[in-house]
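Visitor: Provided below for reference: sequence and predicted model.
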Amino acid sequence: MPMRFAYSLAAVVGLAISIVLFQVAFTYFKGQQIERAAARLTLYQNTLASEIRHFGHLPFHLSLDPIVAQTLAGGGEAALDYRLARFAQSAGLDAIYLMDHTGDTISASNAKSPGSFKGQNYAYRPYFQAAQRGELGEFYGIGATTGKPGYFHAIAVRHPAGGRDGVIALKSGLAPLQAAWQNSGDRILLANSDGVILLASDPAWRYRTLAQLNAAQRDRIAASRQFTGQPLDRLSWAIDDEAQTAEIDGDTLFHLRTAALPNSWTLHFFEPMDQSVTNAYLATG
C-alpha cells in the first residue's frame, strides 16, 4: 500500500510539474509569436495608411485647374470629361468627377461608360458635405451608381465668377489591397469607427460588424447609402484582451489590433496558436 501510494504521489507530482512546465513554455513561445505578429501588423498598418493617403493631395490640385473652374462656371463639359478620363486612367483611379453646389455631377471621367456618374446627385454623401464646409472630404463606401466599393476624396472648387462653389471628387479602389491580404495567408480585417468590416482576408467577414449597430448608427449609414444592400450582421466572434486571443468562426487565435489609422479605423490581426502549443508540448516533453 505505501509503495502504491508513493507511485500515485509521484504521478501526481509529475503531472503537476508537466503542467507548470507547459504553461511556462507556452508563455515563452506565445511571446515570441506575438512579437512576430506585431511586426506583421505594423507592416499592414503602414501599407494601408500609405494607400489611403496616396491620392489625398490630388483633389486640391484638380480644384485649381482652370478647365475645372470654367466648366463649373457653365463652360462646355466635353473638354473636361476627356481631361478627367485621361487623368483617371494614368493615375489608376476608378473615377474623377465634378459636382455643382447642389451635388449634381456635371462632368466625369467615366462620362462615356454605362455606369457614368454624370447627371447623378451625390449631395447625401458625407464627402460632399465635408467639402462644402471647406474640409477635405474622405469616405469609404459602396458606390451608389456602380455598386463597387471605394475610397473617396473631395474638396471644394471655387467658382471663378464668385458664384456657388462646386466639389471635385475622386474614387480609388482598394480591391488590390484586399486581394493581397487574401493571398498572404494571414488573417486580417479592417473596421471603421462604427465597427463595420470594410476589408478582410476572409471575404465572408466583409460588411459584418464587430458589435451590434444601434438605431442611430443604422440611420446615419442608411442616409449616406454607405453600405447599400448589406444587412450588416454581427460577426460571430469574441475577444479576450487580457489573454490576447479571439474566438472567431470556432477557432481560437492570438489577436492584435491597432487604431493608429486615419478615420478612427481599426486593423485587427489574427495568428493561429498551433505553433506555440506544439513548441510548448515539445519543450515539456
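Guide: Looks like it arrived, so ask away.
Visitor: can you tell me the SS state at residue 197?
Guide: When classified by DSSP: H, G, I helix; E, B strand; the rest coil, residue 197 comes out as strand.
Visitor: so it makes contact with residue 203?
Guide: No: contact status for residue 197 versus residue 203: not in contact, 10.5 Å apart, counting by CB atoms under 8 Å. All C-beta spots, glycine's among them, are computed from the backbone N, C-alpha and C.
Visitor: which residue ranges of the stretch 1-150 of the chain form strands?
Guide: With DSSP state E, counting those that start in this stretch, the ranges of strands along the stretch 1-150 of the chain come out as 95-99, 105-108, 137-142, 149-157.
Visitor: tabulate the ones you listed (TSV), appending distance to residue 179 and mean pLDDT.
Guide: Below are the strands of the stretch 1-150 of the chain laid out as TSV (distance: least, CB to CB, whole Å; pLDDT from 0 to 100):
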stretch	distance to residue 179	mean pLDDT
strand 95-99	20	98
strand 105-108	26	98
strand 137-142	17	96
strand 149-157	13	97
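Visitor: quick one: closest of those strands to residue 254.
Guide: strand 137-142 (27.2 Å; CB to CB).
Visitor: any idea what residue 98 is bridged to?
Guide: With DSSP bridges applied, residue 98 shows beta-bridge pairing to residue 107, residue 168.
Visitor: tell me the spacing between it and residue 165.
Guide: According to CB to CB, to the nearest Å, residue 98 and residue 165 sit 11 Å apart.
Visitor: between these two, tell me which one has more neighbours.
Guide: Neighbours per residue, other CB atoms under 10 Å: of residue 98 and residue 165, the larger number sits with residue 98, 29 against 16.
Visitor: so, low pLDDT: which residues of this structure?
Guide: When residues are selected by pLDDT under 70, those of the chain lie in 1-31, 274-285.
Visitor: what ranges do the helices span in it?
Guide: 2-53, 58-63, 66-72, 78-91, 126-132, 175-184, 215-224, 274-284 (DSSP state H).
Visitor: tell me what the fourth one is packed against?
Guide: Counting contacts by 3 or more CB pairs under 8 Å, 6 or more residues apart in numbering; DSSP states H and E, the secondary-structure elements packed against helix 78-91 are helix 66-72, strand 95-99, strand 105-108.
Visitor: could you list every helix and strand in contact with the longest one?
Guide: Applying 3+ CB pairs under 8 Å, 6+ apart, one finds that helix 66-72 makes contact with helix 78-91, strand 95-99, strand 105-108, strand 149-157.
Visitor: what comes into contact with that helix?
Guide: Applying CB atoms under 8 Å, 6 or more residues apart in numbering, the external contacts of helix 66-72 come out as 62, 75, 77, 79-80, 83, 98, 100, 106-107, 157-160, 166, 168.
Visitor: before we move on, back to that, residue 37: which of the helices and strands packed on helix 66-72 is closest?
Guide: strand 149-157 (26.2 Å).
Visitor: alpha carbons of the closest one, as CSV, please.
Guide: Provided in CSV are the C-alpha atoms of strand 149-157 (Å, rounded to 0.1, in the frame of the first residue of the first chain):
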residue,chain,number,x,y,z
PRO,A,149,-16.8,49.9,-53.1
GLY,A,150,-14.1,52.5,-53.0
TYR,A,151,-12.4,55.3,-51.1
PHE,A,152,-13.5,58.9,-51.9
HIS,A,153,-11.6,62.2,-51.6
ALA,A,154,-13.3,65.5,-52.3
ILE,A,155,-12.6,69.2,-52.0
ALA,A,156,-14.4,72.5,-52.9
VAL,A,157,-13.8,74.2,-56.2
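Visitor: paired strands for that strand, with orientation please.
Guide: When pairs are called by DSSP bridges, strand 149-157 turns out to pair with strand 137-142 (antiparallel), strand 166-172 (antiparallel).
Visitor: next, the angle from it to strand 95-99.
Guide: 40 degrees (axes from the mean of the first three to the mean of the last three CA atoms, to 10 degrees).
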